[in-house]
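Visitor: take this sequence and fold it.
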Amino acid sequence: MDKLKKVLSGQDTEDRGGLSEVVEASSLSWGTRIKGFVACFAIGILCSLLGTLLLWVPRKGLILFIVFYTFGNIASLGSTIFLMGPMKQLKRMFELTRLIATTVMLWHNKGLALIFCILQSLAMTWYSLSFIPFARDAVKKCFTVCLA
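Guide: Next up is the predicted model:
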């Protein structure tokens, strides 16, 4: 966790690899990109959840689900563009470490909509965390401590 704080505050003197590439590739500051990511991601998750809840509205529920859930997915996926940029994101989307999350995120099944909505949100969260240095490690450690 200390390593994450050092990297995000710019105090880390070691080779930051991916983070230095990200910082150099955009004119936005790291803090602005994190804020943009969080805002878009939150809007996306809220729209997806709203769409899932609207699925049970009589007559128009399916149409409302399609509209809100699709917009939510686009916003959530678009949020990661703040972290990496569009081209780098597309290239890294199918790397081995993100392949399962990408597959689950892109896979839709009408009969199991609710289950896949939950799985897709979890996959999108895990996928997005892979673009923030040490975020996955911090989440793993948090869950390990909480469940121990």
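Visitor: what's the first helix or strand after the worst-scoring helix or strand of the chain on mean pLDDT?
Guide: One helix or strand of the chain scores below all others by mean pLDDT, DSSP states H and E: helix 18-25, with a mean of 52. With elements assigned by DSSP states H and E, the helix or strand that comes after helix 18-25 is helix 30-54.
Visitor: hang on, I81 packs against Q89?
Guide: Yes. Between I81 and Q89 a contact is recorded at 5.9 Å, counting by Cβ atoms under 8 Å. C-beta here means a position set from N, CA and C on the backbone, and glycine is covered the same way.
Visitor: who touches stretch 91-99?
Guide: Residues outside stretch 91-99 that contact it (Cβ atoms under 8 Å, 6 or more residues apart in numbering) are 84, 102, 127, 130-131.
Visitor: could you dump those residues to TSV with neighbour count?
Guide: As requested, the contacts of stretch 91-99 are exported to TSV (neighbours: other Cβ atoms under 10 Å):
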residue	neighbour count
M84	22
T102	17
Y127	22
S130	19
F131	23
